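*Asks:* Turn this into a structure:
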Amino acid sequence: MILKRFVYKKIDSTNSLAAKIIKNYDHNSGIVITDYQKKGRGRYGKKWISYKGNIFVSVFFKFDNNYNIKKMTKINCKVIKKLLSVYINKTITIKNPNDLLVNKKKVSGILQEIIQKGKNKYMIVGIGINLVKSPKLANYPTTNLKEITKKKVSKKKIISKLIKMYEKLIPKLTSYSLSKII
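*Replies:* Purely as a prediction, here's the structure:
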């Protein structure tokens with residue numbers, strides 16, 4: 001499977017644009033990539049702070065299974081953990097339900113949404129990775145890959161690996177039960 005790429009310099013939100021693409025076009029899957037989000041969001045409508053140089057993407061795909069959102073959250077967190085472990089030589093933990101931490105500091109967050117178009121359901125997986133800069137959040141320490149690795153990590157390479165991982169994963173979601181994937 002090949003994810004159709006939608007690449008932008010600046011948009012409101014990758015998840016919002018993915019939802020518009022699903023509703024207005026006939027794409028069963030794709031990935032929205034941007035350099036900057038004006039209105040990035042996290043869970044419960046919280047603002048996602050989007051610093052230039054960090055990673056902001058949303059993968060979307062038609063989802064035929066009777067999904068279990070908690071298992072899908074675990075799967076998506078494990079995908080990002082596996083991706084980050086290529087670059088980070090430290091323990092990466094998952095803070096339920098959807099944050100990835102290194103040394104108890106947030107390095108990545110995921111926002112999942114399910115939307116319906118006709119009889120079809122689609123999952124949107126918004127992924128933010130602090131690559132070069134971390135937001136300052138009250139009561140929630142953050143970090144970034146540059147700070148952790150002490151070197152610049154290629155944004156292009158990370159996104160390319162992420163795309164390949166989801167291109168392998170998505171067909172499994174429609175042909176296996178979720179319990180066999182994780």
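*Asks:* Name all residues that make contact with Asp12.
*Replies:* Contact analysis of Asp12 by Cβ atoms under 8 Å, 6 or more residues apart in numbering lists Gln37, Lys38, Lys39. For glycine as for every other residue, the C-beta is placed from the backbone atoms N, C-alpha and C.
*Asks:* Closest to Tyr51 out of those?
*Replies:* Ranked by distance to Tyr51 (Cβ to Cβ), those are led by Gln37 at 10.0 Å.
*Asks:* so what's that closest one closest to, chain neighbours aside?
*Replies:* Using Cβ to Cβ, 6 or more residues apart in numbering and skipping the chain neighbours, the partner closest in space to Gln37 is Ser50 (4.0 Å).
*Asks:* circling back: tell me which of the contacts of Asp12 fall in strands.
*Replies:* Under the assignment DSSP state E, these contribute Gln37 to strands.
*Asks:* elements contacting the host helix or strand of Val79?
*Replies:* Taking DSSP states H and E as the definition, Val79 sits inside helix 69-85. For helix 69-85, the helices and strands in contact under the criterion 3 or more Cβ pairs under 8 Å, 6 or more residues apart in numbering; DSSP states H and E are strand 92-95, strand 99-102, strand 105-117, strand 120-129, helix 155-175, helix 178-181.
*Asks:* I'd guessed Val102 sits against Ile92; true?
*Replies:* Yes - contact criterion Cβ atoms under 8 Å: Val102 and Ile92 qualify, at 5.7 Å.
*Asks:* Overlap in contacts, these two.
*Replies:* Leu84.
*Asks:* Mind checking which residue lies nearest the centre of this protein?
*Replies:* Ile127 (2.1 Å; Cα atoms, centre = their mean).
*Asks:* Could you tell me how many residues sit around the spatially closest residue to that residue that is not a sequence neighbour?
*Replies:* Among residues not flanking Ile127 along the chain, Val57 sits closest, at 5.2 Å (Cβ to Cβ, 6+ apart). For Val57, the count of nearby residues is 24 (other Cβ atoms under 10 Å).
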